[in-house]
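*Asks:* Test case, fold it:
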Amino acid sequence: MTFTHASSLALLASGLLVILLYFLRPRSRRYDVSALYLWQAVRADPQSRAATLRQRLGVLLLLQLLFTALIVVAIAGPAWLRRSAQVATAAIVIDVSASMRAVGPDGRLFDEAQREAIHRLEELAATTVAVVAFGAQCKVVVSPSSDAIAARQAVSALEPTWQGDGTGEALVAVLRGIGGETFDRVILLTDRPFSIDIPGLETWIATDAENTAITAFHVRQPGASSDVEAFVRVQNAGSTPWRGTVAVSDGTTLAETTLSLPPFAEDAAFLTIESTEALAFTASIAPSDGFPGDDVRYATLPRSAEYVVRWFGPEDPYVAAALCADPRRAVVIDYGGESPPSNADSSGAALPVAPDLIVAHDTTLRATTSGNVLLLHAGLEGLLTLGEEQEGGEVRAMVEHPLLRDIDTASLRVRERPDLQLGIAATPLLVVDRIPILLTWEDSSRRVVAWTPSIQRTNLPISVDLPLLARNILDSFGRAPTMDAIRWHSVGEVIALVGFGSILEIRDPRGASLPGSEGATALMAETPGVYWITAERGRYPVAVNVPLSESESSGIAAVEAPLPSAGAGPVKPLPIWTAFAALALLVLLAEAAVYHRIVPRRAR
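*Replies:* Residues are numbered from 1 along each chain as shown. Reported below is the predicted structural model:
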């Protein structure tokens, strides 16, 4: 027997109130007697006191207590647990999260769950069956149907995803959407326990596999160095010690070390890959275990594979062609607008990566602009201001400098040059009438090269020196250091493609182009690996990993829900509160009869 409102049983304490009121009721009567001394002896007699107490603890008190108890039990909602004659409706819910790919003592956990699901379908012989795939994206595989064969085929065709676990709220919503309130039996087959409030829910938990996982992997490029530093954290979630190798690769170079982990412990490794131009990296551990999905992790440097130039101001085809002329590097020019914000694109959206070079042409950059900056007849707030145009003259080199390598300064012609107002100590490289026309400086937040005359007022557009000067400028700047922002994307996560510009194509880790990726605004990866995004602003890698939640071991061995006998249905409560209410009424009638029988006798 069970109670639907078990907390109501606390009302049994009201029996104490019944006892108190019973004994407080006055029972003494006045009688006229000739003398008192005879009655004093009776009053002091212990036997007389015991008789009086027995009289007070009479049938009426017992009946009143019994009535109170029966009413309280009826309020608590007593019910007998019984099995129905048959199962009318059943739902098979199979966990399709990535952890079900793990291999346990009896094989792959998902295969084990599939066999159990088919066995349950045959045993239940329900008239209506539904099949639900339970994961980060919970979905109905077979709607409630009487076709048992279709249900078994659907279970056999299921495969685990690379996504994370589903939530109880999502499962409840899906079941309610297909009639979950009426399911006689809901069987959840999974590898870990869930706290889900569903009537008739029974959980079957597969044998858990011990697991060692990479739980963190990040890469960064310190400063302007071409080296890449990697951080890898490894966790041993098993009950036995683990000793193995941790390796990081950029596709050509491998850096590795050895770790030893006691049971249920974790440690980290720091590795360096020297002189690499790669943007995508892989971390792995060996030996592999029952769940290889978290033995390999992916990370990327947040920048484009091409040399990205952000251009502000009017376009100049001569300079643009010169920047792209060097065959040693692929240059992508992103025209960002007339006046650039310091760390955002022209629409105000935060940039996903730092550009390698900012070019300002016939405009003024904000003082907060950082990174590599090329000013072409442009200013920088508070540091470089262009004045009125003056007549040009002979160009003279002031120093030998890498920016002037292979350039014939004697052949340069400048018809007009502006006056300058400098707010910083700069190094003049070329001057006209002692006024710098090419200068450079560096501070804590940027490196700047400034060409002050208008390109159209010089002979550079028709000179071989323009592509040479562009080559020297790009060589001196190099690639911009990557940002240190740590980004860990998971399978099934919606990744917003903000700040890349218009998306042209997305390729998956196998190199296949994703259908409908042109013009996409978000990416939801279905498999782990490195995705390549080709956009107007360059080609960018995005690393996607198996969710960290799938690396958590439940630590629970196989637990099977009790299998009912053939033809037996689910356990259902049978309310019996009416029986207790009827008994209470009978006791009340009996108490009234006893009372009316005793009172007249006492009156006599």
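*Asks:* Average pLDDT for stretch 391-410, rounded please.
*Replies:* Mean pLDDT, stretch 391-410: 90.
*Asks:* Give me the distance between the two termini of that stretch.
*Replies:* Terminal residues of stretch 391-410 are spaced 18 Å apart (C-alpha to C-alpha, to the nearest Å).
*Asks:* all helices for the stretch 251-400 of the chain, in order.
*Replies:* With helices called from DSSP state H, counting those that start in this stretch, the stretch 251-400 of the chain shows them at 317-323.
*Asks:* how about low-confidence regions in it?
*Replies:* 336-354 (pLDDT under 70).
*Asks:* for it, what spans make up the strands?
*Replies:* Secondary structure of the stretch 251-400 of the chain (DSSP state E, counting those that start in this stretch): strands at 254-261, 265-273, 280-286, 296-300, 307-312, 331-337, 357-361, 364-365, 371-376, 379-380, 384-393, 395-397.
*Asks:* mind checking which of the ones you listed is nearest residue 117?
*Replies:* Ranking the strands of the stretch 251-400 of the chain by proximity to residue 117 (C-beta to C-beta) places strand 296-300 first, at 29.4 Å. (Glycine included, C-beta is placed from N, CA and C.)
*Asks:* Which other helices and strands does the closest one contact?
*Replies:* On a contact count with 3 or more C-beta pairs under 8 Å, 6 or more residues apart in numbering; DSSP states H and E, strand 296-300 meets strand 212-220, strand 280-286, strand 529-535, strand 538-545.
*Asks:* so which of the ones you listed comes closest to residue 490?
*Replies:* Taking the helices and strands packed on strand 296-300 one by one with C-beta to C-beta, strand 538-545 is closest: 6.0 Å.
*Asks:* Give me the sheet partners of the closest one and which way each runs.
*Replies:* Here strand 538-545 is paired, per DSSP bridges, with strand 489-490 (parallel), strand 529-535 (antiparallel).
*Asks:* Save the strands of the stretch 251-400 of the chain as CSV, and put in distance to residue 578 and mean neighbour count too.
*Replies:* Output for the strands of the stretch 251-400 of the chain, formatted as CSV (distance: least, C-beta to C-beta, whole Å; neighbours: other C-beta atoms under 10 Å):
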stretch, distance to residue 578, mean neighbour count
strand 254-261, 62, 14
strand 265-273, 59, 16
strand 280-286, 64, 21
strand 296-300, 62, 23
strand 307-312, 79, 24
strand 331-337, 78, 20
strand 357-361, 83, 24
strand 364-365, 85, 20
strand 371-376, 81, 22
strand 379-380, 88, 21
strand 384-393, 93, 15
strand 395-397, 108, 17
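*Asks:* Which parts of this structure belong to which domain?
*Replies:* With domains defined by automatic domain parsing, the chain comprises 2-81+576-603, 85-208+554-569, 307-477, 489-545.
*Asks:* Make CSV from these and add distance to residue 260 to it.
*Replies:* Shown next, in CSV, are the domains of the chain (distance: least, C-beta to C-beta, whole Å):
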stretch, distance to residue 260
domain 2-81+576-603, 52
domain 85-208+554-569, 22
domain 307-477, 38
domain 489-545, 24
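*Asks:* Tell me which of these lies nearest to residue 255.
*Replies:* The nearest among these, by C-beta to C-beta, is domain 489-545 at 17.6 Å.
*Asks:* Show me where the stretch 451-600 of the chain dips below the pLDDT cut-off.
*Replies:* Checking the stretch 451-600 of the chain against pLDDT under 70 turns up 479-487, 499, 537, 553-574, 598-600.
*Asks:* where along it do the helices fall?
*Replies:* Counting by DSSP H, counting those that start in this stretch, the stretch 451-600 of the chain has these helices, from start to end: 465-477, 577-603.
*Asks:* and those, which is most packed in?
*Replies:* helix 465-477 (a mean of 19; mean count of other C-beta atoms under 10 Å).
*Asks:* pretty sure residue 442 contacts residue 427?
*Replies:* No: under the criterion of C-beta atoms under 8 Å, residue 442 makes no contact with residue 427, lying 9.0 Å away.
*Asks:* still on that earlier bit, could you dump the strands paired with strand 538-545 into TSV with distance to residue 293 and mean neighbour count added?
*Replies:* Shown next, in TSV, are the strands paired with strand 538-545 (distance: least, C-beta to C-beta, whole Å; neighbours: other C-beta under 10 Å):
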stretch	distance to residue 293	mean neighbour count
strand 489-490	12	20
strand 529-535	11	21
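*Asks:* Of the domains of the chain, which is nearest residue 216?
*Replies:* Closest of these to residue 216 is domain 489-545, at 10.2 Å (criterion: C-beta to C-beta).
*Asks:* what's the first-to-last distance across the closest one?
*Replies:* Domain 489-545 has an end-to-end distance of 6 Å (C-alpha to C-alpha).
*Asks:* How about stretch 142-154?
*Replies:* Chord length of stretch 142-154, first to last residue, is 7 Å (C-alpha to C-alpha).
*Asks:* Could you do stretch 102-118 as well?
*Replies:* Across stretch 102-118, the terminal residues are separated by 20 Å (C-alpha to C-alpha).
*Asks:* Could you list the buried residues of that stretch?
*Replies:* Of all the residues in stretch 102-118, those buried under the rule 16 or more other C-beta atoms under 10 Å are 102-104, 108-114, 116-118.
*Asks:* what about it, average pLDDT?
*Replies:* The average of the pLDDT scores along stretch 102-118 is 88.
*Asks:* outside of that stretch, which residues touch it?
*Replies:* The contact list for stretch 102-118, computed with C-beta atoms under 8 Å, 6 or more residues apart in numbering, reads 92, 94-96, 99-101, 152, 155-156, 158-160, 187, 189-191, 204, 206-209, 211, 290-291, 293, 560.
*Asks:* what mean pLDDT does stretch 153-166 have?
*Replies:* Stretch 153-166 comes out with an average pLDDT of 92.
*Asks:* Determine how far it lies from the middle of the whole chain.
*Replies:* Centre-to-centre, stretch 153-166 and its host chain are 19 Å apart (C-alpha atoms, centre = their mean, to the nearest Å).
*Asks:* what's that stretch in contact with?
*Replies:* Here stretch 153-166 makes contact (C-beta under 8 Å, 6+ apart) with 92, 94-101, 110, 114, 117-118, 121, 131, 133-138, 141-142, 192, 293, 490-492, 526-528, 546-547, 549-550.
*Asks:* try 7 Å this time
*Replies:* Outside stretch 153-166, the residues within contact range by C-beta atoms under 7 Å, 6 or more residues apart in numbering are 92, 94, 96-98, 100-101, 110, 114, 117-118, 131, 133-138, 141-142, 293, 490-492, 526-528, 546-547, 549-550.
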